[in-house]
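Q: coordinates only, sequence not included:
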């Protein structure tokens, strides 16, 4: 039996992608003994040994230094056959493990190089240099690793192609038993007929299009249910100072059951992310959009190349300019004024998840990657 160790210094130990999808999927195999080293408490769950190795909630600097080191030290002591880490903060430790002869995978959830270009805490004039410096550093760290995972192509290519020994795509799409199989058609139809509310769950930032989404909902005269935390500091206060914030029902951070409850009562799901950073060139949809689709909710979605192409095939969304509150208002009114259209888009989304975008398909890719690496001499 192979001992597998996942490592994260940033995410919680019950993170959906890391724990509930990847670790639990791997633990289903008889030939793998799966550990997850993460901040928080230790526990045994779903066949995974969770090792709490650091105090959660430290600031950015604390995570990059003390937390990352504590996670690495606990993981190293396990003497695993394969290490799989999820955060850029752990790059130097992944490099150390590989240098010690371990098989190591870097699971890059986002393109950090591109994200640096829109980080508000980095002065704009310094961002190009910071991005180049980080890319050079990242390349040096991953050169000796067994593989790098990324969710999807960017402009048709893997962003780590040519920099890593092996690359792989594993998309963060829904587990059918979590959303798709829990669908309640009668409740969905009641929400559509009543024109209940628009919802958005996740990071609440300007880059995610929240400012204009609020304005569009306010103009349309519909409630906007937001789940998640606002950032950076001061952003929420600036929004609350506007008249349009009267449309918002902010639920704060939501656990999975609370997210599920929001989706069950929603008439529309919105993802109006701005055309900045990595977003405009990604070859997938935001995770929340796949969840809307699984729940049969019609989607208002940013008009980007991939979204346009997949929607032309599957017809589950209305596409908008994310910086045009009037366009968002018009899309909301179109869906609320035509429940049959909303129902058709929602049904098309559910069919698309069943046929093309479910974690069960990605799980097989994860298994193949592990077999290839573990059987490599």
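A: Noted; the coordinates are in hand. Keep in mind the model is a prediction, meaning the values are calculated, not measured.

Q: Could you list the low-confidence segments of the chain?
A: Within the chain, the stretches with pLDDT under 70 are 57-64.

Q: try 90 this time
A: Residues of the chain meeting the criterion pLDDT under 90: 54-66, 113-128, 130-131, 155-156, 176-184, 195, 232-233, 256, 275-283, 376-377.

Q: okay, which residue is most central for it?
A: residue 287 (5.2 Å; CA atoms, centre = their mean).

Q: How about the contacts made by it?
A: Residues near residue 287 by CB atoms under 8 Å, 6 or more residues apart in numbering: 172, 173, 174, 202. (C-beta placed from N, C-alpha, C; glycine too.)

Q: Double-check residue 111 against residue 152; I have them as touching.
A: No: using CB atoms under 8 Å, residue 111 is not in contact with residue 152, being 10.3 Å away.

Q: Which of these two has more residues huddled nearby?
A: Neighbour count, other CB atoms under 10 Å: between residue 111 and residue 152, residue 111 has more, with 20 against 16.

Q: Contacts only, for the closest residue to that one other than its chain neighbours.
A: Excluding the flanking residues, the one nearest residue 111 by CB to CB, 6 or more residues apart in numbering is residue 278, at 4.2 Å. Contact partners of residue 278, counting by CB under 8 Å, 6+ apart, are 110, 111, 114, 115, 154.

Q: And residue 278, how far from residue 254?
A: Note on residue 278: its distance to residue 254, by CB to CB, to the nearest Å, is 25 Å.

Q: One more: residue 320?
A: In terms of CB to CB, residue 320 sits 25 Å off from residue 254.

Q: Likewise for residue 357?
A: Look at residue 357 and residue 254: by CB to CB, they are 22 Å apart.

Q: quick one, which of these two is more surrounded?
A: Using other CB under 10 Å, the more surrounded residue of residue 357 and residue 254 is residue 357, with 23 against 18.

Q: The more buried one and residue 285, how far apart?
A: Residue 357 sits 8 Å away from residue 285, taking CB to CB as the criterion.

Q: Likewise for residue 346?
A: Residue 346 is 15 Å from residue 285, where distance means CB to CB.

Q: Residue 267 contacts residue 190, correct?
A: No: under the criterion of CB under 8 Å, residue 267 is not in contact with residue 190, lying 9.6 Å apart.

Q: who's more crowded, these two?
A: Of the pair residue 267 and residue 190, residue 267 is the one with more neighbours under other CB under 10 Å, namely 25 against 14.

Q: Can you name the residues in contact with stretch 120-137?
A: With CB under 8 Å, 6+ apart as the test, stretch 120-137 has contacts from 88, 91, 112, 113, 114, 116, 117, 118, 119, 232.

Q: Can you list which of those residues are found in helices?
A: Mapping the contacts of stretch 120-137 onto helices (DSSP state H) picks out 91, 112, 113, 114, 116.

Q: Pipe those residues into CSV and attach neighbour count per row.
A: Shown next, in CSV, are these (neighbours: other CB atoms under 10 Å):
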residue, neighbour count
91, 21
112, 18
113, 21
114, 19
116, 20
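
Q: Distance from stretch 270-279 to the middle of the chain?
A: With CA atoms, centre = their mean, to the nearest Å as the basis, stretch 270-279 stands 13 Å off its chain's centre.

Q: can you check stretch 355-368 too?
A: Distance, centroid of stretch 355-368 to centroid of chain: 16 Å (CA atoms, centre = their mean).
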